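Undergrad: Structure for the following, please:
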Amino acid sequence: MHSPVSAQVENILLIVIIQLVIIMAAARVFGVIFRYLGQPQVCGEIAAGLILGPSLFGHFFPHLFRQVFQPSVGLVFSILSQIGLILLMFLIGLEFDFSHLRTHGHVALSVSLAGILLPFGLGLAVAQVLHRYVGQEINKVGFSLFLATALSITALPILGRMLIEFNISRTRLGSLTITAAAVDDAAGWIILALVSAIVRSRFNPFATMTMVAEALAYALFMILVGRRLLRRWTAMTLRAGGGEISPSALALLFIMIFLSAAITNFIGLFSIFGAFIMGAVLYDQHEFREAVMRRLRDFVTVFFLPIFFTYTGLRTDIGTMPGGLMWLLCGLVLLAAIAGKIGGCTTAALLNGLTWKEAWLVGVLMNTRALMELIAVNLGYDLGVIPRSVFFMLVFMAVVTTYMTSPLLRRLIRKTELEPLFEASSFMQQARSGRRSLSGPA
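TA: Numbers count the residues shown, from 1 in each chain. Below you'll find the predicted structure:
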């Protein structure tokens, strides 16, 4: 006979299991559908998370929505999402290729800086308008900094996967874009960490400086000391495992990832920054990276990433957008994001000698925000400097700027040196297969 405590645990477990089944099934189904519709699979997974939220599933099936996503298990769901995000950020750090930063020199640097400074400035300007209508109860400095940062981000991991799917990652233009995105990504995480420190210190200059100093000290320790020790450990681990990571070594790796996350949490930053640093210091350990990816990538992508997208979707409520004024403000955010990123990157590319079409291609690709944007927006929401209405606007912006990449790329790439490679890619083959399936037999 079950005790009351064990019965309660079983009830909570049942709800969580039902949620996981629905989340993973939806992610797979919509990932395939969007791939057939000519979009990368991750776009479908993002859509699945949003569809399961209050804007669609909750709006049309409110009773069933409350039964599936019960607030009583919200904390469990939130913790699962954060653990997944920690592991995901470790993998993103591990995949970060700093060698790109030396490849294309001043061209990539100028494209990246223009793609950060212009949208950041536009974000600060838009924040002054938005704060008057939707953020009066929120500190204006924190609100403005987070909005500006959110508009400046490029999603390097998603962009990299898109370029591989499009079969143009090894081209001159693809390599230039990845390099610029890498600079943008590195700068974005530094800005995001700095803004987080400012907000979490309650805008106390001394507390902010202390937090930044501690974070820099930890990063320097990991670069100068931790990296050397970790490189020796990875070499021994691969030798002992014949090129693979043993269960004991994997357990130790998890311990080190979570310890690093705990340190940045203790400093006052979010745990994900520690996980990213842990991965980034091992960026050039290629054999170790591949061994880790074989162990972790699929599990994190299939299990944890859809949980994070759904976690974001549950916070994204179209009901927070009443009236035409709110949608006008949403359009202003979207316009500033697109104009800032595409305008800044395209202009910089033109000034560095690229043709109009090449410059537009770079600008459109750099406009991809996706996962990194969603992470930044969730951080701002957790810090209390992004209200739910602006959360919706920024998620909407992230989705639109990501979804527009593929169709615009397909138009701009025509009659360029990239067109034959793109047409031969697995992405286009699956898209054509999808269109034939949807149109039925000839």
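
Undergrad: Do a quick rundown of the helices in the stretch 201-350 of the chain.
TA: Secondary structure of the stretch 201-350 of the chain (DSSP state H, counting those that start in this stretch): helices located at 205-221, 227-241, 247-267, 271-280, 286-299, 305-315, 323-351.

Undergrad: And these: which comes nearest R414?
TA: Nearest to R414 among those is helix 323-351 (17.6 Å), distances taken as CB to CB. (Glycine included, C-beta is placed from N, CA and C.)

Undergrad: Mind giving me the packing neighbours of the closest one?
TA: helix 105-134, helix 140-152, helix 356-366, helix 388-403 (3 or more CB pairs under 8 Å, 6 or more residues apart in numbering; DSSP states H and E).

Undergrad: rerun that using 6 Å as the cut-off
TA: helix 105-134, helix 356-366, helix 388-403 (3 or more CB pairs under 6 Å, 6 or more residues apart in numbering; DSSP states H and E).

Undergrad: Just the pLDDT at G434, thanks.
TA: pLDDT recorded at G434 is 58.

Undergrad: What is the neighbour count of L94?
TA: Using other CB atoms under 10 Å, L94 has 23 other residues around it.

Undergrad: likewise A150?
TA: There are 31 residues near A150, going by other CB under 10 Å.

Undergrad: for it, what are its contacts?
TA: Counting by CB atoms under 6 Å, 6 or more residues apart in numbering, A150 touches A376, V377, L394.

Undergrad: on that earlier part again, compile the helices and strands packed on helix 323-351 into JSON lines and extend it with columns for mean pLDDT, distance to G58 and mean neighbour count.
TA: Listed next are the helices and strands packed on helix 323-351 as JSON lines, based on pLDDT from 0 to 100; distance: least, CB to CB, whole Å; neighbours: other CB atoms under 10 Å:
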{"stretch": "helix 105-134", "mean pLDDT": "91", "distance to G58": "21", "mean neighbour count": "20"}
{"stretch": "helix 356-366", "mean pLDDT": "91", "distance to G58": "33", "mean neighbour count": "23"}
{"stretch": "helix 388-403", "mean pLDDT": "93", "distance to G58": "13", "mean neighbour count": "22"}
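
Undergrad: so which of these gets nearest T234?
TA: Nearest of these (CB to CB): helix 105-134, 28.7 Å.

Undergrad: Can you list the low-confidence ranges for the chain?
TA: Under the criterion pLDDT under 70, the flagged ranges of the chain are 1-5, 97-105, 430-442.

Undergrad: could you give the angle of the helix ranked longest in it to helix 305-315?
TA: The helix that spans the most residues within the chain, counting by DSSP state H, is helix 4-36. Orientation of helix 4-36 against helix 305-315 (axes from the mean of the first three to the mean of the last three CA atoms, to 10 degrees) gives an angle of 100 degrees.

Undergrad: For helix 4-36, which residues meet the burial criterion?
TA: By neighbour count on 16 or more other CB atoms under 10 Å, the buried set for helix 4-36 is 15, 19-20, 22-24, 26-28, 30-31, 33-36.

Undergrad: which two from the residues you listed end up farthest apart in space?
TA: Greatest spatial distance in those: I15 and Y36, 32.3 Å, computed using CB to CB.

Undergrad: Grab the nearest non-local neighbour of A47.
TA: Using CB to CB, 6 or more residues apart in numbering and skipping the chain neighbours, the partner closest in space to A47 is F30 (5.2 Å).
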